[in-house]
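Undergrad: Got a predicted structure plus its sequence, pasted below:
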2 protein chains.
Amino acid sequence: MTSREESAETLRRAGHRVTSAKLLVMEALRHAGDHLSATSVIDQVRRDAPHVSESTVYRTLGALRDSRLISETTFGHGEVAYEWLEERSHHHLVCSQCGAVDELSDEVVAGFAKQLSDAHGFNADLQHLAVPGICARCSRDSEAAGE
Amino acid sequence: MTSREESAETLRRAGHRVTSAKLLVMEALRHAGDHLSATSVIDQVRRDAPHVSESTVYRTLGALRDSRLISETTFGHGEVAYEWLEERSHHHLVCSQCGAVDELSDEVVAGFAKQLSDAHGFNADLQHLAVPGICARCSRDSEAAGE
DNA sequence: CCAGCAAATGCAACAACTTGCAAGAGCGAG
DNA sequence: CTCGCTCTTGCAAGTTGTTGCATTTGCTGG
């Protein structure tokens, strides 16, 4: 089964119609294998299909996000980043100083979610969390600089 | 000392110049005592001073956020919400279903931050976290509905 | 009180989305 | 294979927020 056919199958299972626009967006994200901004996705899609409108890509990204096929994350104060969701959920530590993005295992986050559930009955949806802060290296550097 | 004078003093301490635009933004947020969207702040400010431009308000909100005088939070997928920061840091549980916003004590979050620090050396900045998920009531309701 | 520099502002253009509406296209029923 | 319902899409206009640049203005040192 080709990647395209897999995508089509996934779409159908999620209750979407199989359209070229959706397939192109999915392929772009799958092949990037990394975070892509909405703008990058638009560029990527248009390389293959210049006629696809921006609003379609935006709407598609929203729809895929709602279906949990891709994740939508806000790193700091810039644009929104989209990523193809593989099996495991994962999270990010984003350094506000140097911009470095580190991965964070699900375990710590799951423990946090459990506490929220126990204490507040709140069923947290921490599928893809971005935690802002200062990374180890920057902390060390600013200490060394006598801060 | 009037509220305005207090604000001016706070601004000076944070290294800002005291301008009417900044004071108006601060007063709007202080008196609201709640989350305000950027647009609401603009409206509020313009009620008193119609000449102040939008970009000034946006820039002021950004500057106050950087100085930790106000918090900037993204609830779900809408606009950004600003809030005057009183002493204690606090967090929110946002229900994706009914939109309810519940407060979350700092303790649980502080524990989470400590884990990040221990495990990754990452100095998380969880001054004002918004956790998406499903609140207790909606969980109950959807169970009752046979979901 | 005044001069001068840097911060702050207004304006206008730009970037990043969002939305209403009419036309087009999947896909299930027949 | 065809019809038709409904989901999708394109387009264009509207929000929301950002940025470059020229001008104004708070503040500090004479």
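TA: In hand now; what should we look at?

Undergrad: Show residues contacting stretch A:33-48.
TA: A:21, A:24-25, A:28-29, A:32, A:52, A:54, A:57-58, A:61, A:73, A:75, A:79-84, A:101 (C-beta atoms under 8 Å, 6 or more residues apart in numbering or on different chains). (Each C-beta comes from the backbone N, C-alpha and C, glycine too.)

Undergrad: Just give me how far that stretch sits from the chain centre.
TA: Stretch A:33-48 sits 13 Å away from the centroid of its parent chain (C-alpha atoms, centre = their mean, to the nearest Å).

Undergrad: neighbours around residue A:118, how many?
TA: Number of residues near residue A:118 (other C-beta atoms under 10 Å in any protein chain shown) recorded here: 10.

Undergrad: And what about it, helix, strand or coil?
TA: Following DSSP: H, G, I helix; E, B strand; the rest coil, residue A:118 is assigned to helix.

Undergrad: Phi and psi next, for residue A:52.
TA: Residue A:52 adopts backbone torsions of phi -70, psi 130, taken as degrees, to the nearest 10.

Undergrad: if we can go back for a sec, of the contacts of stretch A:33-48, which are in range of DNA strand D?
TA: A:21, A:52 (C-beta under 7 Å from any atom of the strand).

Undergrad: List buried residues within the contacts of stretch A:33-48.
TA: Neighbour counting by 16 or more other C-beta atoms under 10 Å in any protein chain shown classes A:21, A:24-25, A:28-29, A:52, A:57, A:61, A:73, A:75, A:80-84, A:101 among these as buried.

Undergrad: Where does residue A:133 fall, secondary structure wise?
TA: For residue A:133, the element it lies in under DSSP states H and E is strand A:130-134.

Undergrad: Any idea how many residues pack against the residue in chain A that DNA strand C sits nearest to?
TA: Nearest residue of chain A to DNA strand C (C-beta to the nearest atom of the strand) works out as residue A:55 at 3.2 Å. Residue A:55 has 8 neighbours, counted by other C-beta under 10 Å.

Undergrad: Show only the entries of the buried ones among the contacts of stretch A:33-48 found in strands.
TA: Taking DSSP state E as the definition of strands, those contribute A:73, A:80-84, A:101.

Undergrad: Which residues of chain A lie near DNA strand D?
TA: By C-beta under 7 Å from any atom of the strand, the residues of chain A that approach DNA strand D are A:15-17, A:19-22, A:51-53, A:55-56, A:59-60, A:63, A:77.

Undergrad: In CSV: the ones in strands among the buried ones among the contacts of stretch A:33-48, plus pLDDT and distance to residue B:90.
TA: Converted to CSV, these look like this (pLDDT from 0 to 100; distance: C-beta to C-beta, whole Å):
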residue, pLDDT, distance to residue B:90
A:73, 86, 23
A:80, 86, 25
A:81, 90, 27
A:82, 93, 30
A:83, 91, 30
A:84, 91, 35
A:101, 81, 27
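
Undergrad: For the residues you listed, name the two members farthest from one another.
TA: The span of those, defined through C-beta to C-beta, is set by A:84 and A:101 at 16.1 Å.

Undergrad: same question for the strand holding residue A:133, mean pLDDT?
TA: Averaged across strand A:130-134, pLDDT comes to 85.

Undergrad: again with stretch A:21-30
TA: The model assigns stretch A:21-30 a mean pLDDT of 95.

Undergrad: Chain A - how does it break down into domains?
TA: A:1-86, A:87-147 (automatic domain parsing).

Undergrad: Quick one: closest of these to residue B:115.
TA: Per C-beta to C-beta, nearest to residue B:115 of the domains of chain A: domain A:87-147, 5.1 Å.
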